[in-house]
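Peer 1: here is my input, please return the structure:
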Amino acid sequence: MSNAYAKKLFTSAAIFNFLVAFGFLAQIPPLGVILAIDSYPPTANAFLQITFLIVVLCGWAYLKVANDPIKYQPYITLGILIKAIFVVVIFAYFLMGKITWILPFLVSTDAVWIVLFYRFEKSHKSV
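Peer 2: Next up, the predicted model:
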C-alpha cells in the first residue's frame, strides 16, 4: 500500500471523525432526538462533549498519519484501540437493551475503519 493510499485512507478517516464529532458538538436537534441523547442531564452532556472532542483529536491524529504514516505510525495503533473501545461499548449497551439499534448501526462504520487501519498498519510495520 502506497503513501497515496495512506493519504486517502487517513484523510477520509479524519473527515469522517470531524463530521461525526461536529454533528454532535453542534447539537444538531434531529441527531439528538434520533439517538435519544437529547434529554441527558448536564453532567452526562459534559461527558458526551468530552468524548466527541476526543473524536476530533483522533481526526487530527489521522491527518498527521495521512501526511507521514511512518513517523506517526503509533497513532494508527491508537486509532484502532479507540475505535475498538467505541464499538465494544456501544454494542455492549445495545446487547444489554440500554440503547436502540441506531447507534450500533452508526458505530459499525468504526469496525470497518478498524479493519482498514489494521491492514495498513500490518503492511507498514516500522522497524
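Peer 1: for the longest helix seen in the chain, the distance to its chain's centre please.
Peer 2: Longest helix in the chain, counting residues (DSSP state H): helix 42-67. The chain centroid and the centroid of helix 42-67 are separated by 8 Å under Cα atoms, centre = their mean, to the nearest Å.
Peer 1: helices or strands up against that helix?
Peer 2: Applying 3 or more Cβ pairs under 8 Å, 6 or more residues apart in numbering; DSSP states H and E, we find helix 42-67 packed against helix 3-25, helix 73-95. Bear in mind the C-beta positions are built from the backbone N, C-alpha and C, glycine included.
Peer 1: for those, which has the smallest mean pLDDT value?
Peer 2: Of all the helices and strands packed on helix 42-67, helix 3-25 carries the lowest average pLDDT, namely a mean of 90.
Peer 1: in it, what's buried?
Peer 2: The neighbour-count check on helix 3-25 (16 or more other Cβ atoms under 10 Å) flags 6, 9-11, 13-14, 16-18, 20-21, 24 as buried.
Peer 1: name the helices or strands packed onto it?
Peer 2: helix 42-67, helix 102-123.
Peer 1: going by mean pLDDT, which of those comes out lowest?
Peer 2: Averaging pLDDT over each of the helices and strands packed on helix 3-25 puts helix 42-67 lowest, since it has a mean of 87.
Peer 1: got the angle between that one and helix 102-123?
Peer 2: Angle between the axes of helix 42-67 and helix 102-123 is 30 degrees (criterion: axes from the mean of the first three to the mean of the last three Cα atoms, to 10 degrees).
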